[in-house]
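**Student:** no sequence for this one, just the structure:
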Ligand code: HPA
Ligand code: ZN
């Protein structure tokens, strides 16, 4: 079996995916037409040509502009269903996805339309394709902690639809400590805690995410590798890192795919996982991300199976379901 066939055959879990970042140019243009939103692009090709980023902020500017076509519950349903179709094609069996409600409520879209549309597609798509799912409300870190609190309050009637909270958007200048109180409150509400840290921010931001936000899962975490003691701590606490290889390359977090930290993380014993982040913007879904690192780092079949297993081990699924998925991976490794 080739590595590509092996990757395709592995059951996978995606733990780091921004649903708004799965908005493909074709659907972007379709929704712009449907909703009479004017875009600064003449064609789908024009949209794709604009996707060149020197850093995270370059990307975020285009990502927020893309979101402007999402207005109705049906739009959020269609967006999410398209992602479920892509996940099924990549043999992804479980997804834990972020959404950015502040990117929508700030434009006058109701919180209800956003969460109801996304949740309905996760449920319908899950049944059709045999994919389990969880939803994570992500706070925009360039906004204030008060704004995050207001968003958490809006989410209270929908707590049964949420597994956790996250922290995304512009990292530099917006350290985890800024959100200490709202994360404490989310934890009291029984929500799991995730935060992007160490994508562009320094290792100290990862420490703050651990010590001040008390996260259950670390999104990206690349720059933790600069601090040996921090790496030892992440290993000791068995912290899952959701690394996003194509995102890292496209946002110049790494200069080339051969510089991806994934192999070193595996060799050090970190619980690293592979994810697609914003696949419509970064050029590929789960299998493309696995294939990119497998080729550039010459990962072994065993390392690929470990990465897939880490996805389920690091998920917020009940233990019995994790065990079943790991057994299915074993069935691929030792048929
Ligand atoms: N980093 C920070 N914020 C984001 C990202 C990311 O990779 N994708 C969408 N929002
Ligand atoms: Zn992300």
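**Tutor:** Good, I have the coordinates. Just so we're clear, the structure is a prediction, and the values are computed from it rather than from any experiment. Ligands and ions are numbered 1, 2, ... in the order given.

**Student:** Pull up the residues of this structure that are close to ligand 1.
**Tutor:** On the criterion C-beta under 6 Å from any ligand atom, ligand 1 has as its neighbours in the chain the residues 18, 21, 56, 63, 168, 169, 196, 199, 247, 277, 278. Placement of C-beta: from N, CA and C, glycine included.

**Student:** OK, contacts around residue 111?
**Tutor:** 101, 104, 105, 151, 154, 155, 158 (C-beta atoms under 8 Å, 6 or more residues apart in numbering).

**Student:** got it, and residue 223?
**Tutor:** Counted by C-beta under 8 Å, 6+ apart, residue 223 has contacts 198, 199, 200, 201, 202, 203, 205, 206.

**Student:** Output the contacting helices and strands for the helix or strand harbouring residue 309.
**Tutor:** When elements are assigned from DSSP states H and E, residue 309 belongs to helix 301-313. Applying 3 or more C-beta pairs under 8 Å, 6 or more residues apart in numbering; DSSP states H and E, one finds that helix 301-313 contacts helix 3-9, strand 12-14, helix 262-268, strand 271-274, helix 286-297, helix 319-333.

**Student:** how many other residues sit next to residue 335?
**Tutor:** Neighbours of residue 335 under the rule other C-beta atoms under 10 Å: 7.

**Student:** can you check residue 227 too?
**Tutor:** 17.

**Student:** what's the answer for residue 55, then?
**Tutor:** 13.

**Student:** What pLDDT does the model give it?
**Tutor:** What the model reports as pLDDT for residue 55 is 97.

**Student:** pretty sure it is touching residue 171, no?
**Tutor:** No. Judged on C-beta atoms under 8 Å, residue 55 makes no contact with residue 171 at a distance of 10.3 Å.

**Student:** residues shared between the contacts of those two?
**Tutor:** residue 200.

**Student:** With respect to residue 48, which of the helices and strands packed on helix 301-313 lies nearest?
**Tutor:** helix 286-297 (15.5 Å; C-beta to C-beta).

**Student:** Now do the buried residues in that closest one.
**Tutor:** For helix 286-297, the neighbour count (16 or more other C-beta atoms under 10 Å) marks 286, 287, 288, 289, 290, 291, 292, 293, 294, 296, 297 as buried.

**Student:** Now do that helix and helix 301-313, the angle between them.
**Tutor:** Per axes from the mean of the first three to the mean of the last three C-alpha atoms, to 10 degrees, the angle that helix 286-297 makes with helix 301-313 is 140 degrees.

**Student:** can you give me the mean pLDDT across helix 286-297?
**Tutor:** Mean predicted lDDT for helix 286-297 stands at 98.

**Student:** Let the chain start at 38 from now.
**Tutor:** New numbering, starting at 38: the last item is helix 323-334.

**Student:** Packing partners of it?
**Tutor:** Helix 323-334 packs on helix 40-46, strand 49-51, helix 282-287, helix 299-305, strand 308-311, helix 338-350, going by 3+ C-beta pairs under 8 Å, 6+ apart.

**Student:** Alright, calling it a day.
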